[in-house]
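Undergrad: need a structure here:
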Amino acid sequence: MEGQKKKLSGAQNRKRKREREKDVVGMKKSFSKWLKDSRLVSLYALFTYVTFVYQNETVGTNWACPARANILGAHWPAGRLPSAVIGPWTCQTTSWNDRAFEAAAEMKHYEVEILDAKTKDKLCFLDKVEPNATIGEIKSMFHKSHPQWYPARQSIRLDPKGKSLKDEDVLQHLPVGTTATFYFRDLGAQISWVTVFLTEYAGPLLIYLMFYFRVPFIYPPKYDFTTSKHWVVHLACMCHSFHYVKRLLETLFVHRFSHGTMPLRNIFKNCTYYWGFAAWMAYYINHPLYTPPTYGEQQVKMALIIFLFCQIGNFSIHIALRNLRPPGSKTRKIPYPTKNPFTWIFLLVSCPNYTYELGSWLGFTLMTQCLPVAFFTLVGFIQMTVWAKAKHRSYLKEFRDYPPLRSPILPFVL
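TA: Take a look at the predicted model:
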């Protein structure tokens, strides 16, 4: 019995082996057939594509299916699509192919949800947003549902602690899926840059003139509405007034701002800085006991030349920067020297407008030989250096071919 069991076991094993071999052969045949079919499908797809291209370049007829026209409209001339391609491309009746195209067209829209950057609460959900919509347009849509947050007050970002996105950024170019999640932060009440500049610069102009004319309650009563006997005091008043009148006119007619607004709270800080220093300088320069510079007329004339030279240079740089940006745009370009010799400093400095501004106040300090003016010049230089370094880093990051020899504010030094 044991031998028969062994023989039966061997027969079963051989039978199972033959069955496995048949299965393997069947699998090979199935795989070969699948591979053959796949090649046919690939050849058919290639033929269909070539037919598309050929018909588009030669005959071309109108397409009646709006869904397909929406999908392929970016790649084919308007209203002209191949007529020789038949089968799944025929658009005479509504079929599953048309429904597939319409579904694909629907997928071309985005869903946008906006969350609070602090609490992560959902503030707004926007459906069917066009892929070419900009962040500025999304801000306008958000403003409709939340009127208290106008676009200039909104900061839209990809990460709660990340940087704000630019208004010109396009939705489909951002690293988001079909459901885009943005985070909102309130920037507070905003005010236009033009208003800020006009307020900042009109204040020092009027305040300085009040001290120059010695209006009552500034100096002792016997000096009310009197004038100084030193001609340098009158020259300093003309230079100071010229500087701020120039700034006001540049704000109105020259400057083009990349950002339209700034937080309202900043105007109080800026006005305190400009108005306070103007009053401090004017008090000592126009004081009845003021004494002229040590080296007299020669020192004053030299200082006047420096002041005027730098004022013209500063104006020339502002004109050159204005010409880089077309009206109504926020494009940034690398500034280069022009035919104007005052712009040749661009070869060595990234922010020559600050360089010339520093030179103007150094000249005014030398002209008046007044300590508050020197302190104002020092504080202004520190602040302008911070701005210049930030702008220089921005240029290096944005433009790979940015001139390597340039320094932020002082050639070869800083």
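Undergrad: centre of the chain to stretch 219-239, how far?
TA: 47 Å (CA atoms, centre = their mean, to the nearest Å).
Undergrad: my bad, should have said stretch 329-343
TA: 18 Å.
Undergrad: span of it from start to end?
TA: 23 Å (CA to CA, to the nearest Å).
Undergrad: buried set for it?
TA: Under the neighbour-count criterion of 16 or more other CB atoms under 10 Å, stretch 329-343 has P335, F342, T343 buried. The way it works is simple: take the backbone N, C-alpha and C, and place the C-beta from them, glycine included.
Undergrad: out of those residues, flag the one nearest to K389.
TA: Minimum distance to K389 across the buried residues of stretch 329-343 is 16.4 Å, recorded for P335 (CB to CB).
Undergrad: just to be sure, that closest one is in a strand?
TA: No - counting by DSSP: H, G, I helix; E, B strand; the rest coil, P335 is not part of a strand but coil.
Undergrad: I'd assumed F346 was in contact with it.
TA: Yes - under the criterion of CB atoms under 8 Å, P335 makes contact with F346 at 5.6 Å.
Undergrad: in contact with F184, which residues?
TA: The contact partners of F184, by CB atoms under 8 Å, 6 or more residues apart in numbering, come to I114, L115, D116, A117, L123, F142, W149, Q154, S155, I156.
Undergrad: now with 6 Å, please.
TA: The contact partners of F184, by CB atoms under 6 Å, 6 or more residues apart in numbering, come to I114, L123.
Undergrad: specify the beta-bridge partners of it.
TA: In this entry, F184 is beta-bridged to D116, I156, by DSSP bridges.
Undergrad: now do the SS call for the spatially most central residue of the chain.
TA: Centroid-nearest residue in the chain, with CA atoms, centre = their mean: K166, separated by 4.9 Å. Recorded secondary structure, K166: coil (three-state DSSP).
Undergrad: and the gap between it and K17?
TA: In this view, K166 and K17 are 71 Å apart by CB to CB, to the nearest Å.
Undergrad: equivalent analysis for K163, please.
TA: K163 sits at a distance of 69 Å from K17 (criterion: CB to CB).
Undergrad: repeat that for S155.
TA: For S155, the distance to K17 - CB to CB - is 73 Å.
Undergrad: go on, L209?
TA: Relative to K17, L209 is positioned 111 Å away (CB to CB).
Undergrad: pick out whichever of the two has more residues nearby.
TA: Under the criterion of other CB atoms under 10 Å, the comparison of L209 against K17 puts L209 first, with 16 against 10.
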